[in-house]
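Novice: Output the structure for:
(one chain, ligands or ions: 1)
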Amino acid sequence: MTATRKDITGELLRLVLERNPFQRARVAALGLGPRPALAELPPLEKQELVLDQQRNPPFGTNLTHPLEQYTQLHQTSGTTGPPLRVLDTADDWAWWRSLFADTLSVTGVSRGDRVALAFSFGPHVQFWAAKDGLQELGAMAIPLGGMTSAQRLRTIAEVQATALMCTPTYALRLFEVAMEERLEHALESVERVICTGEPGASLPGMRLRIEECFGARCYDHAGLTEAGPFGYPCSVRGGLHVYDHEFVCEIVDTALHPVAQGERGELVLTPLRRTGFPVLRYRTGDVVVRTEERCPAGHADRWLPGGIVGRTDDMVVIRGMNVYPSAIEEAVRGVSGSGEFRITFYSERGGMDEVKVEVELAGGPEARELQELMRQQLGIRVRIVPVASGVLPRHEGKARRVVDERTAR
Ligand SMILES: [Zn+2]
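Specialist: Numbers count the residues shown, from 1 in each chain. Model (predicted):
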């Protein structure tokens, strides 16, 4: 097994360093020999790919094959910088499709299922990979792009969708609209809610909330336009598994050294079989917990307990403590009756950094309960501002709930 994997890694490096201008130039600039091992290459940042694309528009030079072999174009959402265009060949897209189909089958989706895709029909990979993964599996894709939430609910009811794919935030939004519009019956046929795009669905509190609202099982999965669909849910114990036979997986600290067992670190991935737009030791920005233990269900692939627990660019240091918005979210979801919320990081006049969380809550006792939960789980004092239900902004895709007003950073 190890030898095989080594062979695949060696073959990828040989091909890429022979034919890919971006990777060749990178290795040459580093002064490495003509045949470096994967571990000798420094981890790759998204910014390097973005810069290359800006200098060599429109697709950049991270292309292993002639341009006419590429059939798929997607782009990153560009929330933390300019968007990046990522190309796939037909073979690479077949790899995406089969991994997506596998992930869906882990959640129990099979031939005969009707799966509602509550995504826009845009340039982001999620909708397309889901649609093609479903086709590979023989299940029916129900596109819900270009519709209001109420129209989506009516469609789900009319076609009797058996599963729903969306962000965790949007799953709760859809439930809220179902209540407002008296369309509760629309969710009755949905047996599975399959989420991605935010840490949310791996947070036990969020998952439980979605399961209660929908009366359905909720699953998380993870992928990146640049690296591929790497994570599928542990169907028994929660968290995610990484496709070990498809990715070399490392978990590193800010100095890029491997983190210790039980520690949080950034996930660094090398997809082994996607050759057209290769990323070697790619810094995903996803924060995960490292464990060398198998999941309690004994599944063979590497387990990420808690799934994606945050993003490296989300983390904020408040009075010496690392604070992830996902940890705040987990506390909010733990309080019954809580609704939408907004996090503001700000500086007091004295210069101390503080956290304020506005949250839709029933009343004072819930606010006190939340404050106590935050103190226990985050180790810092958080100012809770209860607000009335329905006043905070709603999100259709990935949620934007953090406002950073700190003066000195
Ligand atoms: Zn498992």
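
Novice: just the helices in the stretch 51-200 of the chain please.
Specialist: 90-106, 125-137, 149-159, 168-180 (DSSP state H, counting those that start in this stretch).

Novice: quick one: the longest one near the ion?
Specialist: In this case it means helix 90-106. No - if you take C-beta under 5 Å from the ion as the test, helix 90-106 misses the ion, and the best it gets is 9.4 Å. Quick note: C-beta positions are derived from backbone N, CA and C, even for glycine.

Novice: any idea how far that helix is from the chain center?
Specialist: 17 Å (C-alpha atoms, centre = their mean, to the nearest Å).

Novice: before we move on, what about the last one?
Specialist: Centre-to-centre, helix 168-180 and its host chain are 20 Å apart (C-alpha atoms, centre = their mean).

Novice: going forward, begin numbering at 466 instead of 1
Specialist: Renumbered: residue one is now 466, and that last one reads helix 633-645.

Novice: Report the buried residues of it.
Specialist: For helix 633-645, burial by neighbour count (16 or more other C-beta atoms under 10 Å) applies to Pro633, Thr634, Tyr635, Ala636, Leu637, Arg638, Leu639, Phe640, Glu641, Val642, Ala643.

Novice: Run through these and flag the ones next to the ion.
Specialist: Counting by C-beta under 5 Å from the ion, no member of the buried residues of helix 633-645 reaches the ion.

Novice: The ion: which of the residues you listed is nearest?
Specialist: Pro633 (19.8 Å; C-beta to the ion).

Novice: mind checking how far the closest residue to Glu649 other than its chain neighbours is from Tyr635?
Specialist: Closest residue to Glu649 apart from its sequence neighbours, by C-beta to C-beta, 6 or more residues apart in numbering: Ala643 at 5.3 Å. Distance of Ala643 to Tyr635, given as C-beta to C-beta, to the nearest Å: 12 Å.

Novice: Can I get stretch 833-847 in PDB, CA atoms only?
Specialist: Output of stretch 833-847 as PDB, limited to C-alpha atoms (Å, rounded to 0.1, in the frame of the first residue of the first chain):
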ATOM      1  CA  ARG A 833     -27.000  34.800  30.700                       C
ATOM      2  CA  GLU A 834     -26.900  31.100  29.700                       C
ATOM      3  CA  LEU A 835     -25.000  32.000  26.500                       C
ATOM      4  CA  GLN A 836     -22.600  34.300  28.300                       C
ATOM      5  CA  GLU A 837     -21.700  31.500  30.700                       C
ATOM      6  CA  LEU A 838     -21.300  29.000  27.800                       C
ATOM      7  CA  MET A 839     -18.900  31.400  26.100                       C
ATOM      8  CA  ARG A 840     -16.900  31.900  29.200                       C
ATOM      9  CA  GLN A 841     -16.600  28.100  29.600                       C
ATOM     10  CA  GLN A 842     -15.900  27.200  26.000                       C
ATOM     11  CA  LEU A 843     -13.800  30.200  24.800                       C
ATOM     12  CA  GLY A 844     -12.200  31.200  28.100                       C
ATOM     13  CA  ILE A 845     -13.000  34.900  27.600                       C
ATOM     14  CA  ARG A 846     -15.800  37.300  28.500                       C
ATOM     15  CA  VAL A 847     -18.100  38.100  25.600                       C
END
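
Novice: And the contacts of it?
Specialist: Stretch 833-847 has contacts (C-beta atoms under 8 Å, 6 or more residues apart in numbering) with 783-784, 786, 788, 792-793, 795-797, 799-800, 803, 820-822, 824, 826, 849.

Novice: Could you rerun that using 7 Å?
Specialist: 783-784, 786, 788, 792-793, 796-797, 799-800, 820, 822, 824, 849 (C-beta atoms under 7 Å, 6 or more residues apart in numbering).

Novice: Apply the buried test to these and list what passes.
Specialist: Applying 16+ other C-beta under 10 Å to the contacts of stretch 833-847 flags Ile783, Val788, Ala792, Ile793, Ala796, Val797, Gly799, Val800, Val820, Val822, Val824, Ile849 as buried.

Novice: Quick one, grab the pLDDT at the third one.
Specialist: Yep, that's Ala792 we're talking about. Ala792 is assigned 82 on the pLDDT scale.

Novice: A helix includes it, no?
Specialist: Yes - counting by DSSP: H, G, I helix; E, B strand; the rest coil, Ala792 is part of a helix.

Novice: re earlier: could you measure from the residue nearest to Glu649 over to Ile621?
Specialist: In terms of C-beta to C-beta, Ala643 sits 9 Å off from Ile621.

Novice: Ile607 now?
Specialist: 8 Å.

Novice: What of Asn787?
Specialist: 39 Å.

Novice: the more surrounded of the two?
Specialist: Set Asn787 next to Ile621 and count neighbours by other C-beta atoms under 10 Å: Ile621 wins out with 26 against 14.

Novice: what residues are shared contacts of Ile607 and Ile621?
Specialist: Ala581.

Novice: ok, how many other residues are close to Gln836?
Specialist: 17.

Novice: Can you point out the helix or strand that includes it?
Specialist: In the assignment (DSSP states H and E), Gln836 maps to helix 829-843.

Novice: Figure out how far that helix is from the centre of its chain.
Specialist: That offset, for helix 829-843, works out to 27 Å (C-alpha atoms, centre = their mean).

Novice: re the thing from before, which neighbours do Ala643 and Ile621 have in common?
Specialist: In contact with both Ala643 and Ile621: Ala651, using C-beta under 7 Å, 6+ apart.

Novice: and Gln488, that one's in a helix?
Specialist: Yes - assigned with three-state DSSP, Gln488 falls within a helix.

Novice: That one: what's it in contact with?
Specialist: Gln488 neighbours (C-beta under 7 Å, 6+ apart): Val481, Leu482, Asn527, Pro743, Leu745.

Novice: Many thanks, we can stop here.
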